[in-house]
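Asks: 3D model of this:
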Amino acid sequence: MEYNPEFLSQCFLHTLSPQPEPRRAAESKLTELADHPNYALAVLRLVAEPSINEQIRHAAAVNFKNHLRSRWAPSPDSSFTPILDAEKDQIKILIVTLMLSSTPLVQSQLSESLSLIGKHDFPKSWPTLLPELVSNLRAASQSNDYASINGILGTANSIFKKFRYQYKTNDLLLDLKYCLDNFSAPLLEMFLRTAALIDSMVSSGGGSPVTLKPLFESQRLCCRIFFSLNFQELPEFFEDHMKEWMAEFKKYLTNGYPVLESSAEGLGVVDELRAAVCENISLYMEKNEEEFKDYLNDFAQAVWTLLGNVSQSSSRDSLAVTAIKFLTTVSTSVHHTLFAVDGVIPQICQSIVIPNVRLRDEDEELFEMNYIEFIRRDMEGSDIDTRRRIACELLKGIATNYKQQVISIVSVQIQNLLTSYAANPAAQWKDKDCAIYLVVSLSAKKAGGTSVSTDLVDVQSFFASVIVPELQSQDVNAFPMLKAGALKFFTMFRNQIPKTLVLQLFPYLIQFLGAESNVVHSYAASCIEKLLLVKDEGGRSRYTSADVAPNLLVLMNNLFTALRFPESEENQYIMKSIMRVLGVAEITPEIAGPCIAGLTSILAEVCKNPKNPIFNHYLFESVAVLVRRACERDISLIPSFEASLFPRLQEILGNDVTEFLPYAFQLLAQLVELNRPPISDTYMEIFKLLLSPDSWNRNSNVPALVRLLQAFLEKAPEKVTQEGRLAQVLGIFNRLVSAPSTDEQGFYVLNTVIEKLEYGAIAPYVGHIWNALFSRLQSKRTVKFIKSLLVFMSLFLVKHGSANLVDSMNAVQAGIFLAILEQFLIPNLKLITGRIEVKLVSVASIRLICESPSLLDAGAVRHWGKMLDSIVTLLSRPEEDRVGDEPEMPDIAENAGYTAAFVNLYNAGKKEEDPLKDIKDPKEFLAASLVKLSALSPGKFPQIINENLDPANQAILLQICSTYNCPIV
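Replies: Prediction:
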């Protein structure tokens with residue numbers, strides 16, 4: 001198809017229009033054209049046309065990049081038409097030259113496009129790319145064309161990134177070798193040439209920021225390519241030329257460049273290069289320690305000196321963090337003796353650690369303006385790349401070999417900071433914050449638990465003298481960062497604080513929920529929530545409902561009030577605390593009423609625009625735990641809960657609030673299960689909706705809908721058998737069981753039908769059930785499906801007898817029962833896992849061989865023996881010995897449909913029921929059943945056992961029978 005350049009140009013012009021009509025029309029036309037061959041080529045040629053306005057060319061370049069992203073190598077299930085090979089070849093011929101001749105705005109888009117192609121095709125399907133880049137790099141180098149040089153290096157940097165953080169494979173190493181063979185020498189040439197240019201300009205005083213910036217950017221890109229090419233292992237070329245690389249690296253860490261560094265922008269350019277150098281020497285320190293050792297002392301000194309001169313400005317954070325990381329790597333290596341020299345550790349502590357741990361204006365601003373990000377960094381450990389955290393990591397690194405020195409020095413520093421604070425608390429509050437931060441950050445988590453410990457201070461005395469005064473402060477809004485630090489300490493060391501002291505401080509914690517600072521009331525809520533999780537030896541909860549009771553009303557009131565603070569309307573820490581308190585406290589009607597009112601009011605608001613999934617999850621968990629625990633105590637509360645919840649749940653269903661539908665169905669299931677028959681008309685209306693096929697179209701709803709359907713089957717089985725509802729239920733089963741992603745859910749429905757309904761009601765449909773199962777067994781058999789089938793057959797047998805099981809199967813196809821037994825039941829019995837499932841399947845199998853005429857028939861002797869062999873294996877072998885890795889890998893795409901969106905509500909969970917409560921020990925049941933059976937035909941079964949059971953299983957069976965004094969005769 002021929003594309004008119006003028007028409008395309010007009011289309012791209014209209015896509016920039018502020019008016020929606022022409023913009024949408026142009027976008028629609030371009031989307032239509034994109035399905036035709038050579039569209040990408042036509043757009044690329046438009047981008048190459050210098051007479052076209054640059055805005056239009058830039059819009060076309062963005063469109064070209066997005067077109068390649070979706071169509072160069074579309075996924076198998078994509079609806080996009082792939083670009084044809086002939087068109088791809090033309091694009092590859094044109095794109096490098098075009099990128100290099102473009103303006104910076106267009107060049108950046110084409111460079112990204114080139115990287116997208118390279119990700120899929122380089123090097124195997126694009127062998128000309130690297131030679132072309134090298135050729136152009138050398139040509140641009142001769143003319144000092146740094147716009148082109150940096151374009152080429154930027155592209156090379158993008159395509160070489162694939163060598164970072166990847167597992168070594170033969171294919172990866174072959175690709176890496178190809179790149180090293182072609183690019184190592186030109187890279188070093190370019191790096192040294194640019195270095196000489198920089199030196200020349202700086203020494204002559206002739207350099208200006210405009211000329212120096214592209215040179216420093218070129219060196220930074222060379223350093224990033226160095227990092228990629230050296231990441232897997234030390235290449236021979238780089239080992240041979242290590243001296244040249246390291247000499248330049250050191251220069252950038254030790255030299256000053258005042259022409260650039262006099263402005264903030266120029267300083268940023270230099271710092272980016274220095275940070276890239278620090279990344280490279282850290283890489284060599286980690287991976288090539290032996291080869292790098294001769295350069296280590298000089299670099300350690302250079303980095304050390306550099307850090308002493310790096311200001312606290314946030315613009316220099318990246319350099320500070322990468323430099324400190326390098327020293328941390330050295331501190332844990334065999335060369336840690338660098339830190340053993342007298343005075344080194346105190347100097348590091350004084351000049352690097354303390355200045356970087358102290359609060360800065362930027363930290364205060366984040367605390368006030370973006371509390372969620374502050375907490376994410378401070379409490380949740382996502383601050384590994386902040387100065388505060390990395391400085392403490394350096395101390396931890398040094399302490400691996402010099403623990404006592406670090407402890408004594410830091411302990412003195414902490415005391416000095418606290419003394420400074422005591423002299424002038426209002427002016428020196430940051431010193432106290434620094435002291436608390438050091439103790440918390442340098443604490444160590446004890447193996448296998450949530451408890452932490454520290455050697456820096458005595459926790460209880462530090463808590464009493466430093467933390468308690470902050471907690472007991474009359475003004476919860478004074479010095480909020482200090483309050484937050486104290487609450488964080490309390491949370492971290494909660495296991496070590498005596499219960500009596502915690503209970504004394506509990507009212508103060510509750511007061512902090514009223515602090516105006518979002519961080520402070522979040523930390524107070526989190527501290528309360530974490531305290532209620534503390535366990536003593538033996539797994540007993542340290543804090544019980546009796547401990548919470550004296551303050552419960554004011555606690556719940558303050559938690560709900562805290563959700564009214566600006567920006568805390570959807571505060572996940574507060575909602576999690578509400579959930580935890582409701583899970584521990586005694587829920588009286590006086591508590592239940594205000595809580596359900598508060599929760600449903602919040603639910604009404606979030607339904608309008610669900611945007612915080614974590615908050616929403618804890619909200620629904622809070623509702624579920626409140627309903628469960630209140631109704632456990634007083635079942636008469638159900639009507640009031642229904643009156644509060646139904647309008648909200650109906651709103652979710654009526655407005656199709658997709659994110660909340662699974663939660664709503666789980667809460668409805670919980671309410672149905674708590675109800676006493678008869679089920680009200682309101683629930684029956686929901687049951688009608690549940691039976692509609694349209695309700696099951698979204699896979700994300702399936703587990704919750706199944707849970708609700710099970711609740712109705714359990715609570716109102718008589719309603720299910722009326723008005724053709726059972727046929728509808730089995731239609732849902734059929735739909736679910738036919739797809740591998742939902743078959744397990746289908747069995748949950750079927751098992752509940754079998755368990756809760758009389759056989760007379762089920763009998764007319766049993767043939768259809770077997771047909772659906774046999775059909776799936778033939779079409780797409782998986783281990784998961786076979787295990788579910790065995791559990792279903794077992795449940796069928798124990799509920800409705802072996803005769804009904806065998807006869808109903810054989811009615812579908814003569815003799816199919818023995819065929820299924822031989823092909824699926826006997827070989828797969830050993831795969832069953834789970835206490836209740838193993839008991840169910842083993843008891844059902846025992847009854848089958850001891851009661852079913854089809855297996856006691858003379859022609860089924862071998863089946864009988866092999867079945868017993870499998871039963872003995874199931875009951876006697878540990879799970880890990882009998883269950884190997886499943887032979888098939890589940891298809892992620894099939895499962896992602898609902899598992900990604902469905903979130904189970906722990907507090908509305910279905911209780912697992914044992915259908916065989918009267919049988920305590922399946923081994924005893926086996927021995928008793930066999931002795932009774934063998935007494936009817938003495939001498940018959942020992943011979944069958946001898947001929948069909950594995951010798952090891954024969955010995956185990958003999959042992960079982962002997963244990964229960966049940967000899968087989």
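
Asks: can you give me the strands for this protein?
Replies: 444-445, 452-453 (DSSP state E).

Asks: of all these, which one is nearest residue 188?
Replies: Distance to residue 188, taken as CB to CB, is lowest for strand 444-445 among the strands of the chain, at 44.1 Å. In this view, the C-beta of every residue, glycine as well, is placed from N, C-alpha and C.

Asks: direction included, what does the closest one pair up with?
Replies: Here strand 444-445 is paired, per DSSP bridges, with strand 452-453 (antiparallel).

Asks: outside of the strand it pairs with, which residues touch it?
Replies: Residues outside strand 452-453 that contact it (CB atoms under 8 Å, 6 or more residues apart in numbering): 443-446, 459, 492-493, 495-496.

Asks: pLDDT of that strand, averaged?
Replies: Averaging pLDDT along strand 452-453 yields 83.

Asks: so what's the residue nearest to residue 328 when sequence neighbours are not counted up against?
Replies: Nearest non-adjacent residue to residue 328, counting by CB to CB, 6 or more residues apart in numbering: residue 397, 4.2 Å away. Contacts of residue 397 were listed using CB under 8 Å, 6+ apart, and they are 327-329, 331-332.

Asks: any idea how far residue 331 is from residue 397?
Replies: To residue 331, residue 397 is 4 Å away according to CB to CB, to the nearest Å.

Asks: same check, this time on residue 282
Replies: As for residue 282, its distance to residue 331 is 12 Å (criterion: CB to CB).

Asks: next one: residue 527
Replies: Distance, residue 527 to residue 331, using CB to CB: 33 Å.

Asks: residue 679 now?
Replies: 68 Å.

Asks: between those two, who's got more neighbours?
Replies: When neighbours are counted by other CB atoms under 10 Å, residue 679 and residue 331 differ, and residue 331 comes out ahead with 24 against 18.

Asks: quick one, what contacts that one?
Replies: Per CB under 8 Å, 6+ apart, neighbours of residue 331: 339, 394, 397-398, 400-401.

Asks: show the pLDDT at the residue nearest to residue 328.
Replies: At residue 397, the model reports a pLDDT of 93.

Asks: circling back to that earlier point, okay, the contacts of strand 452-453 in CSV with distance to residue 843 next?
Replies: Output for the contacts of strand 452-453, formatted as CSV (distance: CB to CB, whole Å):
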residue, distance to residue 843
443, 52
444, 50
445, 45
446, 44
459, 54
492, 50
493, 51
495, 44
496, 49
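
Asks: show me the residues you listed that map onto helices.
Replies: If you go by DSSP state H, these have 459, 492 in helices.

Asks: could I have the buried ones of the contacts of strand 452-453 as ChimeraX selection syntax?
Replies: Per 16 or more other CB atoms under 10 Å, the buried members of those correspond to this ChimeraX selection:
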select :443,459,492,493,495
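
Asks: show me which of the contacts of strand 452-453 is closest to residue 601.
Replies: residue 492 (33.8 Å).

Asks: now the strands of the chain as TSV including distance to residue 163?
Replies: Listed next are those as TSV, based on distance: least, CB to CB, whole Å:
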stretch	distance to residue 163
strand 444-445	34
strand 452-453	38
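
Asks: go through those and name the closest to residue 356.
Replies: strand 444-445 (20.5 Å).

Asks: what's in contact with the closest one?
Replies: Residues contacting strand 444-445 (CB under 8 Å, 6+ apart): 451-454.

Asks: repeat that with 10 Å
Replies: 396, 399, 451-455, 492 (CB atoms under 10 Å, 6 or more residues apart in numbering).

Asks: and residue 318, how far from residue 279?
Replies: With CB to CB as the criterion, residue 318 and residue 279 are 10 Å apart.

Asks: cool, and residue 291?
Replies: Residue 291 sits 17 Å away from residue 279, taking CB to CB as the criterion.

Asks: can you pull the contacts of residue 879?
Replies: Per CB under 10 Å, 6+ apart, neighbours of residue 879: 830-834, 838.

Asks: with neighbour count added, can I get those in a markdown table?
Replies: As requested, the contacts of residue 879 are exported to a markdown table (neighbours: other CB atoms under 10 Å):
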| residue | neighbour count |
| --- | --- |
| 830 | 19 |
| 831 | 18 |
| 832 | 21 |
| 833 | 12 |
| 834 | 13 |
| 838 | 16 |
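
Asks: so which of those is the closest to residue 765?
Replies: Scanning these for proximity to residue 765, where the rule is CB to CB, the winner is residue 832, at 26.0 Å.

Asks: residue 789 is in contact with that closest one, correct?
Replies: No - contact criterion CB atoms under 10 Å: residue 832 and residue 789 do not qualify, at 11.1 Å.

Asks: what about residue 12, distance to residue 57?
Replies: Residue 12 is 8 Å from residue 57, by CB to CB.

Asks: need the overlap of contacts for these two.
Replies: By CB under 10 Å, 6+ apart, the residues touching both residue 12 and residue 57 are 43, 46-47.

Asks: which parts of stretch 371-389 are buried?
Replies: In stretch 371-389, counting by 16+ other CB under 10 Å, buried: 371-372, 374-375, 377-379, 383, 386-389.

Asks: ok, back up a step: so which of the contacts of residue 331 belong to helices?
Replies: Counting by DSSP H, the contacts of residue 331 contribute 394, 397-398, 400-401 to helices.

Asks: using JSON lines, please lay out the contacts of strand 452-453 together with pLDDT and distance to residue 212.
Replies: JSON lines is the format used below for the contacts of strand 452-453 (pLDDT from 0 to 100; distance: CB to CB, whole Å):
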{"residue": "443", "pLDDT": "88", "distance to residue 212": "46"}
{"residue": "444", "pLDDT": "81", "distance to residue 212": "46"}
{"residue": "445", "pLDDT": "76", "distance to residue 212": "47"}
{"residue": "446", "pLDDT": "67", "distance to residue 212": "53"}
{"residue": "459", "pLDDT": "93", "distance to residue 212": "53"}
{"residue": "492", "pLDDT": "94", "distance to residue 212": "48"}
{"residue": "493", "pLDDT": "95", "distance to residue 212": "52"}
{"residue": "495", "pLDDT": "93", "distance to residue 212": "56"}
{"residue": "496", "pLDDT": "93", "distance to residue 212": "56"}
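
Asks: so which of the contacts of strand 452-453 is the closest to residue 130?
Replies: Of those, the one sitting nearest to residue 130 (CB to CB) turns out to be residue 445, at 47.4 Å.

Asks: narrow the contacts of strand 444-445 to just the buried residues.
Replies: 396, 399, 451-452, 454-455, 492.

Asks: can you pull the pLDDT of the spatially closest residue to residue 388 that is not a sequence neighbour?
Replies: Take residue 388 and drop its neighbours on the chain: the residue closest to it by CB to CB, 6+ apart is residue 357, 5.3 Å away. pLDDT for residue 357: 92.

Asks: ok, residue 741 next?
Replies: 85.

Asks: quick check, it in contact with residue 700.
Replies: No - at 11.2 Å, residue 741 does not count as touching residue 700 under the criterion of CB under 10 Å.
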